[in-house]
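Engineer: the following block contains a protein sequence and its predicted model.
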Amino acid sequence: MVRISSINVFSFDIRLKEPFRISFQTFTHVENILVVIKTDSELIGYGEAAPFKPITGDSREEAIKFSSYAVGRLLGMDPTNIEEIHKTLEEIEKLTGLRSQTVKAAIDMACYDILGKMKNMPVYKILGAKKPNIIPNTITIGIKSIHETEKTAREYLEKFRENGLKRIKLKLSGNPRDDYERVMVVAKLFDGELTLDANQAYVDPDTAVRVFRKLYDELGDRIVLIEEPCPKGDLDKMKYVKEHVDIPIFADESAATYEDAVKIAKQNAADGINIKLQKAGGIFWGLKIAEIAHEYGLKLMVGCMLESGISISAGVHFATAVRDVINTDLDSDLTLPLDIVDENTRPLFKNGARIPKDAPGLGIKLKPWVLDLIESNLVVQRII
């Protein structure tokens, strides 16, 4: 039996090439947390937390505070007994009153990484898939002017031409005219499929229905799905939109946790759920959400926050091993100006899909300079 001998936690920031805007927030940096778990058998697992309180429920400060309790409790435990790891994390929540889905996700990823390395198997095989499912992956365009949206679409068509780009995702603002025009300008440039993400922008569900019907009349089934049209948690509004448009409606912010997913499924409030490991609490809980979705006939997509190649790799292994996934939005590492992961070990973007590495665990390796900082005797808590 392997035992956890140490857990190290580091903050890291990466400046984005340009601000990334969604309906209620503009991001300029990745502001994440690296978790490194070492065992007494010299196996090392890597995980990543990407906290953003409005979606994941925790800030980075809260995530770091939660991790300080987790480190002490998890030392000496078997990292490959992932159910027990999560039970311990739940006990910490009850004892401290703190909750960090993203740190739970980071620890979970690191444990799956170790389990795969111990068994000499990629995580997707650990999850039961003989080979990875091939699922179209979107590249996302944030909220921009019509001109800038067109410019970015042209850049993506050129940049990802050799990757066989099949789908583009557009963030919506809640302004009906702007949203319609931005979608249409991309649809004219790009003959592939589209997904749309309102990020809660349409407070009035009737307005959402009018815009989505108009887009469907123009583009039909080229629009694969629309995420979270109305305010988070207002399942009646989301259900209303779902029942009045022909485009599948997926819950995202409203489906943060397993408990949320159960509620959405039982109320028949959406056609599908966007599982993000960061808000779910990791692969362990992602699998449980996938089970309840299957039970109620809901489709799945697997998305991401602003994540590096570590967390994206975990998402790709998960997405390509789980049934009912019709779309992935695992693209943030592809547009970062800098990644802490060696690019040769990240999941491929091939034929329009993300493909996990057929290597033990998550299959990723950190860049040498990152490893040097981690292994140094300096007290370094921020590595970029």
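Structural biologist: The structure has been received and is ready for your questions.
Engineer: which of the helices or strands spans Leu34?
Structural biologist: strand 25-39 (DSSP states H and E).
Engineer: distance from the chain centre to the very next helix or strand once past that strand, please.
Structural biologist: With elements assigned by DSSP H and E, the helix or strand that comes after strand 25-39 is strand 44-49. Strand 44-49 has its C-alpha centroid displaced from the chain centroid by 15 Å (Cα atoms, centre = their mean, to the nearest Å).
Engineer: renumber starting at 386 from here on
Structural biologist: Yep, numbering from 386; the last one is strand 429-434 now.
Engineer: what strands line up against strand 429-434, and which way round?
Structural biologist: Here strand 429-434 has these sheet partners by DSSP bridges: strand 410-424 (antiparallel).
Engineer: average pLDDT across the partner strand?
Structural biologist: Looking at strand 410-424 alone, the average pLDDT works out to 94.
Engineer: mind listing what's buried along that strand?
Structural biologist: Residues of strand 410-424 classed as buried: 415-424 (neighbour count, 16 or more other Cβ atoms under 10 Å). All C-beta spots, glycine's among them, are computed from the backbone N, C-alpha and C.
Engineer: quick one: those residues as JSON lines, columns for distance to Ser693 too.
Structural biologist: Shown next, in JSON lines, are these (distance: Cβ to Cβ, whole Å):
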{"residue": "Val415", "distance to Ser693": "7"}
{"residue": "Glu416", "distance to Ser693": "11"}
{"residue": "Asn417", "distance to Ser693": "7"}
{"residue": "Ile418", "distance to Ser693": "11"}
{"residue": "Leu419", "distance to Ser693": "8"}
{"residue": "Val420", "distance to Ser693": "12"}
{"residue": "Val421", "distance to Ser693": "14"}
{"residue": "Ile422", "distance to Ser693": "17"}
{"residue": "Lys423", "distance to Ser693": "20"}
{"residue": "Thr424", "distance to Ser693": "23"}
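Engineer: what is the nearest of these to Ala572?
Structural biologist: Distance to Ala572, by Cβ to Cβ, is smallest for Val415 among the buried residues of strand 410-424, at 29.7 Å.
Engineer: the closest one contacts Pro722, doesn't it?
Structural biologist: No - contact between Val415 and Pro722 fails when scored by Cβ atoms under 8 Å: they sit 10.0 Å apart.
Engineer: any idea which strand is longest in this protein?
Structural biologist: Across the chain, the strand with the greatest residue count (assigned by DSSP state E) is strand 389-407.
Engineer: Arg484 belongs to a strand?
Structural biologist: No - the assignment for Arg484, made by DSSP: H, G, I helix; E, B strand; the rest coil, is coil rather than a strand.
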